[in-house]
Structure formats: C-alpha cells, structure tokens
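Enquirer: Pasting the sequence and the predicted model now:
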Amino acid sequence: MALTPDEEKKLREEIRDGLKRREGIIRDTLSNKNTSRQEQMEMRMRQMIREEEEEKYFSERGFVKHKNRYGEIEWLPEEEAEKRRERRRSSSNKGRQSKKDKKPYLPWIINIAVFGLAGFLFLFLLRYNPIKSTVGVGSMVVKTDVPGARVFLNGVENKQQTPATIKSLTAGGTYYISVYKEGFSSWPPMQKIILDGEKETPVQFELKNSALLGGLQVGVNESDYKLFVDGIRVRHSTGEKLSLPAGYHVVSVVKDGFISTPSFQRILVSPDSTSSVNFNLQAFDEIGYLEISSNTSSGFVFIDNQFTGIRPNGGKIPLKPGLHEIRICGNGIVATPQTEIVRIENGKVSRLDFSQQASEMVDTLDILQAPPGAVVVLNGEVSPFITPVTEILLSPGPHFVNLMADNKMLSPSAVLVEAGKPDKNRIQLEF
C-alpha cells in the first residue's frame, strides 16, 4: 500500500531524529574514550617522572634497582642486590634439583631410618661414656683508668677499646692480655689470666702518661653536655681544663634537644700550653636521635658523608628529622652493612646495628698532585702520611680522604673513594 505524502514526511523525520541521536551517542562515546585515554597518558607521565626522580635519587647514592620475589621494585646497595640474586639462583637450582630427586622415595626413607637408628644408639651409649666434656665458656672485662685503649689477646688485637668485654672464651684456658694507647704506658705491661669456670673475670690496667702534655679548654654555651675526644666520651665539667697528649685531637659535644655548631673541631694541642675550642649548642623544637651500636668501637660515624667525630656505641646523636645516610668508616675494618638509610622522626630514637670485622688491605692510594708537606686525613683521623705519598694501603669499602696544611683543611669536604672494586688496585687523587 503506498504511503501518503504526510506519512512519508513523518517517517523521514523519525529516521532523521534517530540518526541524530545515534550520532550524539557516537560523539559522546568517542569523547569519553579520548578523555579516559588522556587521563591514562597523564597518569603514565606522572609515574614516569616519579620513577625517573626516584632512580636519579638512589642512583646518585650508589643504590641499584632490584625486583623482589613478589614482583615489587626495591632500591638496594649493590652488594645486597647481588646477594639476593645469588640466593635466588641458588634457590632456583635447589628447586630444580629437588624436582629431579623426588622420585626415589624409598631409598630416602631407608636412609633416614638408618641414620635415625644410629643417632639413637649413639645418644644411648653416650650416657655411659666415662669421659664427659667439662669445657665451659667464660668471658673477661678489660678496663683501664683512662678509657679508649686498644686490647690485645695473645698478641692479636681484639678490635675493641677499653672498657671491653671479651666473650666466648674457653673456661680454664690461659690468656695473655695487654693494652695500648698512644702517649701512654700500661702497668703491668702484660697480664696472664686463667679463666675461672664460667665467671666474668675482671682485668684492670693502669695507664701512665708518657707523652708531652698540653691543655685544652672547651667552651660551651650550655651545661650538662657530653664531651667526646677522638670519638671517646670523656668526663668533663664546665670550665674544667683537660690534659691531653700533644698532637691533633678531634673534639665534639652532644646534648639532648640541641644541635652543635660546629658539629666537631680538630685542634692541635701543643706541649706545655693551653688550646681552646668553642661550641654553640642551639635548641630545636623538632629534633630526633640516632643511636648506633656495633660489636666494636672502631671507626668513626659518618652522617650524610660528613665526619661526626663520634665512634659507634657512643650514645644518642641529635639530628634534624628526615632521611639520613649512615656509614661507619675506618681503615683496616669492613662494616656490614656498608650504608644504611634511616628516617629520623621528631622526638624519637632510631637505632642501627653494624658489625665490624678486620680486613686485609686490597688497594693502594697515591696522592701526588697536591701541595707538598700536607698531612693526609683518612676517615677523619690524622695519619702519619705527608704528601706527596704513594701506596697508602686501603681495606675494602668507602674511605674519606682530605688533606690538612697549616692546621686547615685543603678541601671543604672529604673525597669519597671506594676501595676493593674489581677494576681498581691503585687509586690516584689530586687536590
């Protein structure tokens, strides 16, 4: 049946309206997709920027990117990342090996039963053994009237400074103990100690000053502070003059709630004269604390690659809140871990634990392009080396090097060198 002109016109308008609605839906859908795509692109760009900033921050501090077993990205020291990769490879190899070895169940069961029976028989017979072990474990505490002396056990340095507790010694064993502190002679020179049972045996030495002495006057604008000389805490009252062996010394002060300016001072104490240092302790509303413990008090603490003049086990160190990079550096020792990143929070004490071990010397340091006659300051300690100098032996790990002439540092900050890397056996510095 043919449509009338009016019906045809109405039908065309309905079709045209439907097409317009469809066109609007298509446009809205495309617009939403473009908006979503743009938001996703912006999110990816922000993520890339964050990742680049993170990578730049940690890479400059010697960290490497590591994906853990959960697929998460961690930033670790290169040594720790390599250890984890090695553990993962070892675990993977063991897993593959265990899959291969799962088939022979019966031989394993028989072996376990045989070894279990043998162990039971051994323990049964041990009850009737007429010779029983009577070896116990004891310890000794070595003290000196002047703290900070090095301890030697049977002629081998124990890497502890007095007062020192030496543990895990055989009870009833014979030991020869001696101590050494620069500028002092000990009395008696050596002591023969036989540990009595499993008790803690005290060993006491008296140190007699055999060096030329000088005086040091320490001025501080506050009272009730802690004074450290060469990283060792010294009993001191405000206004009291210290008597020290002539030579260079590092002096620092610490007080809860205060930041010291400067953080430390290096002073030359001359014989039969009095030198002076002054510190300004400034109170801060926001301040946190760092406490570092270690198996020995060797080496010095470095915070954000800056020398502090304080050794491990020295108590709480006041710091401003935020992230800080912590190291313990000393030549002849290796600290584990090499570096720690710690967040200091206001009013809280953060604690870190390091382990130090004696290490062989693996690299040599040459300093030729420098003013002649400058003293080499290695890891904050004045060394006996004078420029130009070659073949200063270094243990593995980070070391901070600076030069001092006319009682002043030649560089505003110490140079950080890494010893023990495979591609280096000689390090050359220019000042």
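Expert: Cool, the structure landed. The shown structure was predicted, so the numbers you read here are calculated from the model rather than taken from an experiment.
Enquirer: remind me which residues of the stretch 151-300 of the chain are low pLDDT?
Expert: Scanning the stretch 151-300 of the chain for pLDDT under 70 picks out the ranges 155, 197-198, 210-211.
Enquirer: per-domain residue ranges of this protein.
Expert: Here the domain parsing of the chain from automatic domain parsing is 1-48, 62-126, 137-209, 213-358, 363-430.
Enquirer: wait, which of those domains is closest to Glu54?
Expert: domain 62-126 (7.5 Å; CB to CB). Using the backbone N, CA and C atoms, a C-beta is placed for each residue, glycine as well.
Enquirer: want to throw the domains of the chain into TSV with distance to Glu55 and mean neighbour count?
Expert: Below are these laid out as TSV (distance: least, CB to CB, whole Å; neighbours: other CB atoms under 10 Å):
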stretch	distance to Glu55	mean neighbour count
domain 1-48	10	10
domain 62-126	7	11
domain 137-209	38	16
domain 213-358	15	17
domain 363-430	20	16
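Enquirer: Just send those domains back as CSV, with distance to Glu54 too.
Expert: As requested, the domains of the chain are exported to CSV (distance: least, CB to CB, whole Å):
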stretch, distance to Glu54
domain 1-48, 10
domain 62-126, 7
domain 137-209, 38
domain 213-358, 13
domain 363-430, 22
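Enquirer: Assign Asp28 to helix, strand or coil.
Expert: helix (DSSP: H, G, I helix; E, B strand; the rest coil).
Enquirer: who touches the closest residue in space to Ser355 that isn't next to it in sequence in this structure?
Expert: Closest residue to Ser355 apart from its sequence neighbours, by CB to CB, 6 or more residues apart in numbering: Thr336 at 4.7 Å. By CB atoms under 8 Å, 6 or more residues apart in numbering, the contact set of Thr336 is Phe354, Ser355, Gln356, Gln357.
Enquirer: Now render these as JSON lines, adding secondary structure and pLDDT.
Expert: Formatted as JSON lines, the contacts of Thr336 follow (DSSP: H, G, I helix; E, B strand; the rest coil; pLDDT from 0 to 100):
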{"residue": "Phe354", "secondary structure": "strand", "pLDDT": "95"}
{"residue": "Ser355", "secondary structure": "strand", "pLDDT": "94"}
{"residue": "Gln356", "secondary structure": "strand", "pLDDT": "93"}
{"residue": "Gln357", "secondary structure": "strand", "pLDDT": "92"}
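Enquirer: Which of these sits closest to Gln369?
Expert: When those are compared against Gln369 (criterion: CB to CB), the nearest one is Gln356, at 32.7 Å.
Enquirer: need the contact list for that closest one.
Expert: By CB under 8 Å, 6+ apart, the contact list for Gln356 reads 159, 294-296, 298-299, 312, 328, 330, 333-336.
Enquirer: From the opening residue of stretch 141-153 to its closing one, how far?
Expert: Taking CA to CA, to the nearest Å, stretch 141-153 runs 12 Å from one end to the other.
Enquirer: Determine how far that stretch lies from the middle of the whole chain.
Expert: Put simply, stretch 141-153 sits 25 Å off its chain's centre (CA atoms, centre = their mean, to the nearest Å).
Enquirer: cool, stretch 402-419 as well?
Expert: On the basis of CA atoms, centre = their mean, stretch 402-419 sits 21 Å off its chain's mean C-alpha point.
Enquirer: and that stretch, C-alpha only, in PDB?
Expert: Extracted in PDB, the C-alpha atoms of stretch 402-419 (Å, rounded to 0.1, in the frame of the first residue of the first chain):
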ATOM      1  CA  ASN A 402      91.300  15.000  53.000                       C
ATOM      2  CA  LEU A 403      94.500  17.000  53.300                       C
ATOM      3  CA  MET A 404      95.500  19.400  56.100                       C
ATOM      4  CA  ALA A 405      98.100  22.100  55.900                       C
ATOM      5  CA  ASP A 406      98.800  24.900  58.500                       C
ATOM      6  CA  ASN A 407      96.100  23.300  60.700                       C
ATOM      7  CA  LYS A 408      93.500  23.900  58.000                       C
ATOM      8  CA  MET A 409      91.700  21.500  55.600                       C
ATOM      9  CA  LEU A 410      92.600  22.000  52.000                       C
ATOM     10  CA  SER A 411      89.200  20.700  50.700                       C
ATOM     11  CA  PRO A 412      85.800  21.900  52.100                       C
ATOM     12  CA  SER A 413      84.600  18.300  52.100                       C
ATOM     13  CA  ALA A 414      86.500  14.900  52.200                       C
ATOM     14  CA  VAL A 415      86.800  13.000  49.000                       C
ATOM     15  CA  LEU A 416      84.900   9.600  49.000                       C
ATOM     16  CA  VAL A 417      86.900   6.800  47.400                       C
ATOM     17  CA  GLU A 418      85.800   3.100  47.000                       C
ATOM     18  CA  ALA A 419      88.500   0.500  47.600                       C
END
